[in-house]
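K.L.:
Okay, predicted coordinates and the sequence, questions at the end:
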Amino acid sequence: SSAASDVYKRQGVESVIKEVSKEFKKKGWQVWVICSNEGKKLKEKETVNGIKIIRYDMPKVKKRGEWPKKHEEVIEKKLKQLKESFDLVIVEQPIFLRPFKKRYGKEKVIYHANSCFSEYYQLLKKLGVEVEKEKERYFMEVEKNELKDIKVVVFSKTLKKQLEKYADVKAEVVLPGVDLKRFKPDKNKEKRVVFVGRNSIEKNIQAIIRIAEKIKGEVMIVGSKVENEKVMSFAETDKPEKYIRKAKVFVLPSVYESFGLVLLEALASGVPCVAFKPDGKNIITASDEIIKQGKTGFLVKDEEEMAEKINLLLADDKLWKKMSLEARKEAEKYSWENYVEKILELKPPKVSVVISVYNAEKHIEETLKSILNQSFRDIEVVIINDGSTDKTADKIISMMKKDKRIRLINLEKNCGKSYALNKN
């Protein structure tokens, strides 16, 4: 679920939806994407590469404060019209949480958090931005009340800490992937620095403009048109790779980023990155989780050092080549296939097999293998160790390391099979 109309052209969250959908499709899943139809520009229903896309019209709102409730009502109506049953729902935007939990049950919903709204709005106010009170109130209320009873995943440790601090939510870090075929090194590099992203205050594009005259090479901004003779700029594009691959340096001056997928895309393209070093106060990003200092790029303290490191990479070919190779190697560690595998591990199984064992060290391994090797694999095996005094528990723990579908409950003393199964 996403609030963006065209998930196959836009970047950011939409890019994530596209890649994750492709991986689920490869694994034999039927995939549906439900999103808004901003401006009614696109078809209400269509199938792209075997993935069904359903769009709903944005609600008409007379007063600002009506927006959240009206939006949720429209989503609920669309879900009723679909009459579909889903085994797993991945929510990318908080506006979808209540409708999907209500329709399909909280057990099936996994929320992929793209930001911590409490932290984000706090930073915007610090930057002097006037925020919409109604939206702020809604998003923070959803964040604090709707995440506690569902599984929450994030791309970074930074965002995990924010959600734990402000919303008391236990999130799991599941690293994203990057399209290594789409974003790949180009031998014909230009002496150019590139930034890709929208022109919003947290992206801090003005920092690029301020240092542009100090850069000994071309400076390019992609995805945001700015009127400034010091830089080249291009409006929104669905092919950022053609600009990133040609550059020698990628710069990200953001003051807030929950992760920064574009950094991964630059690294995959063999382009060293330069970004501000997060300090948890004025720079709240996960850049230090992606860029390896001095190996795949530089984390800098201010604009002066940013210009200095960019010029160093533009001038020193030996250093640049070394970092370019390291950048690609680092990006190859990330995989959308691994991301989907992790998500599936969080999904509740269709079948739970519950068995009670007592002093079963001689045959427990054979029993578990027989259950786990069935052609139907969407199961969990819950083993109640009924106070065994031999090595039963050790053997189960050893198998748990090999197969995450096994769960173990240890009883302190032998209570009998009937009690063990009914009580647990």
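P.N.:
Received, thanks. Numbers count the residues shown, from 1 in each chain.

K.L.:
Show me the strands in the stretch 51-200 of the chain, by range?
P.N.:
Along the stretch 51-200 of the chain, the segments classed as strands by DSSP state E, counting those that start in this stretch run 51-57, 89-91, 109-112, 151-154, 171-173, 192-196.

K.L.:
Over to the stretch 301-424 of the chain?
P.N.:
351-357, 379-386, 406-411.

K.L.:
Please give me every residue in contact with G50.
P.N.:
Counting by CB atoms under 8 Å, 6 or more residues apart in numbering, G50 makes contact with 25, 31. Just so you know, the C-beta spots here come from the backbone N, C-alpha and C atoms, and that holds for glycine as well.

K.L.:
so how far is K108 from it?
P.N.:
22 Å (CB to CB, to the nearest Å).

K.L.:
do the same with S324
P.N.:
43 Å.

K.L.:
Mean neighbour count, distance to Y56 and mean pLDDT added to the strands of the stretch 301-424 of the chain, as a markdown table?
P.N.:
Listed next are the strands of the stretch 301-424 of the chain as a markdown table, based on neighbours: other CB atoms under 10 Å; distance: least, CB to CB, whole Å; pLDDT from 0 to 100:
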| stretch | mean neighbour count | distance to Y56 | mean pLDDT |
| --- | --- | --- | --- |
| strand 351-357 | 16 | 34 | 90 |
| strand 379-386 | 20 | 35 | 90 |
| strand 406-411 | 16 | 39 | 90 |
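
K.L.:
Those strands into JSON lines, with extra columns for distance to S200?
P.N.:
Formatted as JSON lines, those follow (distance: least, CB to CB, whole Å):
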{"stretch": "strand 351-357", "distance to S200": "46"}
{"stretch": "strand 379-386", "distance to S200": "43"}
{"stretch": "strand 406-411", "distance to S200": "44"}
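
K.L.:
Out of those strands, which is closest to M232?
P.N.:
The closest of the strands of the stretch 301-424 of the chain to M232 is strand 379-386. By CB to CB, the value is 54.6 Å.

K.L.:
and of the strands of the stretch 301-424 of the chain, who's closest to E132?
P.N.:
Closest to E132 of the strands of the stretch 301-424 of the chain is strand 379-386 (CB to CB; 43.6 Å).

K.L.:
What strands flank the closest one, and is each parallel or antiparallel?
P.N.:
Paired neighbours of strand 379-386 in the sheet (DSSP bridges): strand 351-357 (parallel), strand 406-411 (parallel).

K.L.:
mind checking which of these is nearest A266?
P.N.:
In terms of CB to CB, the element of these nearest to A266 is strand 406-411, at 40.1 Å.

K.L.:
Identify the residues contacting that closest one?
P.N.:
By CB under 8 Å, 6+ apart, strand 406-411 touches 368, 372, 380-387, 393, 396-397, 399-400, 420, 424.

K.L.:
The same query, at a cut-off of 10 Å, please.
P.N.:
352-354, 356-358, 368, 371-372, 380-388, 392-393, 396-397, 399-400, 419-420, 423-424 (CB atoms under 10 Å, 6 or more residues apart in numbering).

K.L.:
ok, now stretch 68-78?
P.N.:
1, 3, 34, 36, 44, 54-63, 66, 93-100, 102-103, 134-135, 137-139, 141-142.

K.L.:
End to end on stretch 203-214, go ahead and measure it.
P.N.:
Terminal residues of stretch 203-214 lie 20 Å apart, using CA to CA, to the nearest Å.

K.L.:
Now it: average pLDDT?
P.N.:
Across stretch 203-214, pLDDT averages out at 94.

K.L.:
Any idea how far it is from the middle of the chain?
P.N.:
The chain centre lies 28 Å from the centre of stretch 203-214; the measure is CA atoms, centre = their mean, to the nearest Å.

K.L.:
buried stuff in it?
P.N.:
203-205, 207-209, 211-212 (16 or more other CB atoms under 10 Å).

K.L.:
From those residues, which land in strands?
P.N.:
For these, not one is inside strands, with DSSP state E as the criterion.

K.L.:
Make a markdown table out of those and add distance to L411.
P.N.:
What follows is the buried residues of stretch 203-214, written out as a markdown table (distance: CB to CB, whole Å):
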| residue | distance to L411 |
| --- | --- |
| K203 | 55 |
| N204 | 57 |
| I205 | 61 |
| A207 | 60 |
| I208 | 62 |
| I209 | 66 |
| I211 | 65 |
| A212 | 68 |
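
K.L.:
Mind picking the one among these that's closest to E227?
P.N.:
Nearest to E227 out of the buried residues of stretch 203-214 is I209 (CB to CB; 10.1 Å).

K.L.:
Please report phi then psi for the closest residue to that closest one other than its chain neighbours.
P.N.:
Take I209 and drop its neighbours on the chain: the residue closest to it by CB to CB, 6 or more residues apart in numbering is N228, 5.3 Å away. Torsion angles at N228 (phi, psi; degrees, to the nearest 10) stand at phi -160, psi 130.

K.L.:
tally of neighbours for N228?
P.N.:
14 (other CB atoms under 10 Å).

K.L.:
Offset the numbering so it begins at 16, please.
P.N.:
From this message on, residue numbering opens at 16, which makes the last subject N243.

K.L.:
contacting residues for it?
P.N.:
Going by CB under 10 Å, 6+ apart, N243 touches 220-221, 223-224, 227, 234, 236.

K.L.:
Name the nearest of those relative to F198.
P.N.:
I236 (18.6 Å).

K.L.:
quick one: that closest one is in a helix?
P.N.:
No. According to DSSP: H, G, I helix; E, B strand; the rest coil, the state of I236 is strand, so it is not within a helix.

K.L.:
Confirm for me that it is in contact with A222.
P.N.:
No. Assessed by CB atoms under 10 Å, I236 is found out of contact with A222, at 11.2 Å.

K.L.:
Between the two, which contacts overlap?
P.N.:
210, 266.
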